[in-house]
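Novice: only geometry, no sequence info:
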C-alpha cells in the first residue's frame, strides 16, 4: 500500500500499472491479465477495449536498455512503432529502427523477446497497446532521427515517471531476467 500511495501524484495510469505489476508478482501473469481486463472494464464504465498493435526493439548493451524520447514527448519509449498494411513484424521492425535510430537491423538476428499489453500512453482510458518485442543486432551507429529527441541507455533505477507503462513493464521484465542492472 505504501507503494501505491507514492504513485498517487503520478496519476491514474501509473496507479493502474502498479496494481497490475503487484498482482503479477504475487499471483502470476494469467491472474494479472484477468485482473487488468476487469480493472479496465470497471474503471472505464465497461467500454469496449481497443488495441494499438505495435512492435519494439529490446536492445541491451553493457547491462543497460536503450530507450528513445520522441520529439515533443516527456517520456521515453522502447524504440519501434506500428506496422504498415501488409507488413510483417520483421519488415516493420527493420523499417522503424531505420527511421528512428538510423541503423540497419540484421534480419537473421531477429529473435522474439515477449509481448506486453498496457493502457496506451496519452490515449483515452481503455485504449490498450499490445507491444510485440524483439531483440536483434544491427549495423551502423545509433543516431536519433528527426522524430526522436533523445536516446538513452538506462538501468532498472531509471525513474518510472519518465517511462511509458509498457516501458516500465519491459524494464522490470529485463531486471527480473537479470539482463540489466
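Specialist: Looks like it arrived, so ask away. The structure presented is a predicted model; accordingly, all values stated were derived computationally and were not measured.
Novice: For the chain, which segments count as strands?
Specialist: In the chain, the strands defined using DSSP state E lie at 50-57, 60-61, 64-70, 80-82, 104-105, 111-119, 127-135, 138-139, 148-154.
Novice: Skipping its backbone neighbours, what lies nearest residue 146 in space?
Specialist: residue 71 (7.5 Å; Cβ to Cβ, 6 or more residues apart in numbering). Every residue, glycine included, has its C-beta placed from N, CA and C.
Novice: need the contact list for the one you found.
Specialist: 146-149 (Cβ atoms under 8 Å, 6 or more residues apart in numbering).
Novice: Look up how far residue 87 lies from the closest residue to residue 180 other than its chain neighbours.
Specialist: Computed as Cβ to Cβ, 6+ apart, the closest residue to residue 180 that is not its neighbour in sequence is residue 174, at 4.6 Å. For residue 174, the distance to residue 87 (Cβ to Cβ, to the nearest Å) stands at 26 Å.
Novice: and if you look at residue 60?
Specialist: 25 Å.
Novice: what's the answer for residue 114, then?
Specialist: Counting by Cβ to Cβ, the gap from residue 114 to residue 87 is 20 Å.
Novice: One more: residue 150?
Specialist: 27 Å.
Novice: who has more neighbours, the two?
Specialist: Counting neighbours by other Cβ atoms under 10 Å for residue 150 and for residue 87 shows that residue 87 has the greater number, 15 against 12.
Novice: Test my guess that that one contacts residue 95.
Specialist: Yes. Under the criterion of Cβ atoms under 8 Å, residue 87 makes contact with residue 95 at 7.4 Å.
Novice: picking that back up, by neighbour count, which of the contacts of residue 71 wins?
Specialist: Busiest of those [other Cβ under 10 Å] is residue 148, holding 19 neighbours.
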